[in-house]
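1. Build the 3D model from these lines:
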Amino acid sequence: MTRETQVLYNARCPVCRAEIDHYAGYARRHDLSITFHDLNSHALEHWGISADAAARRLHVRQGGRVTSGVEAFVLLWSAMPRYRLVARMVGLPGLRHLAGVIYNRILAPRLYARHLARERRNCRNVTL
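-> The predicted structure is shown next:
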């Protein structure tokens, strides 16, 4: 089984896209085995996750196992030398719990709500 790190993210979210573009650039410059997949593409079919579930949080697959949320960030950061210290710190039990609460109750829901609002606006702007 491959140890490649695969990241599923929402490229239509400006915040998500900016963060992932940063990580992708770092991975490219350092020739890291990390691939990035936009949930709005055909790549979603290979994840076994609905588009709605994928839009709610970051997902990372490593060794065939899919994780999401803070756990996904920890896996992603662990795959990048520059961010391994951050991964270790956020991975500490108390800090992991706090980061999970902040991500799950504040950050992810706000980003998801903004995603839904953008999607509604885009649907109204479509002409047939």
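2. Mind checking the pLDDT average for stretch 101-120?
-> What stretch 101-120 shows for mean pLDDT is 94.
3. Give me the residues contacting it.
-> 10, 12-13, 15-16, 55-57, 69-70, 73 (CB atoms under 8 Å, 6 or more residues apart in numbering). C-beta: built from backbone N, CA, C; applies to glycine.
4. in it, what's buried?
-> With burial defined by 16 or more other CB atoms under 10 Å, the residues of stretch 101-120 counted as buried are 103, 108, 111-112, 115.
5. And stretch 70-83, by the same measure?
-> Quick answer for stretch 70-83 (16+ other CB under 10 Å): 70-80, 83.
6. where are the low-confidence patches of the chain?
-> Low-confidence segments of the chain (pLDDT under 70): 1-2, 124-128.
7. now Arg114, what's its secondary structure?
-> helix (DSSP: H, G, I helix; E, B strand; the rest coil).
8. Ile49 too?
-> Strictly by three-state DSSP, Ile49 counts as coil.
9. is it true that it touches His59?
-> Yes. The pair Ile49 and His59 qualifies as a contact (CB atoms under 8 Å) at a distance of 6.4 Å.
10. got a list of what the spatially most central residue of the chain touches?
-> Closest to where the C-alpha atoms of the chain average out (CA atoms, centre = their mean) is Leu58, at 2.6 Å. Counting by CB under 8 Å, 6+ apart, Leu58 makes contact with 7-9, 16, 68-69, 72-73, 76.
11. All set now, cheers.
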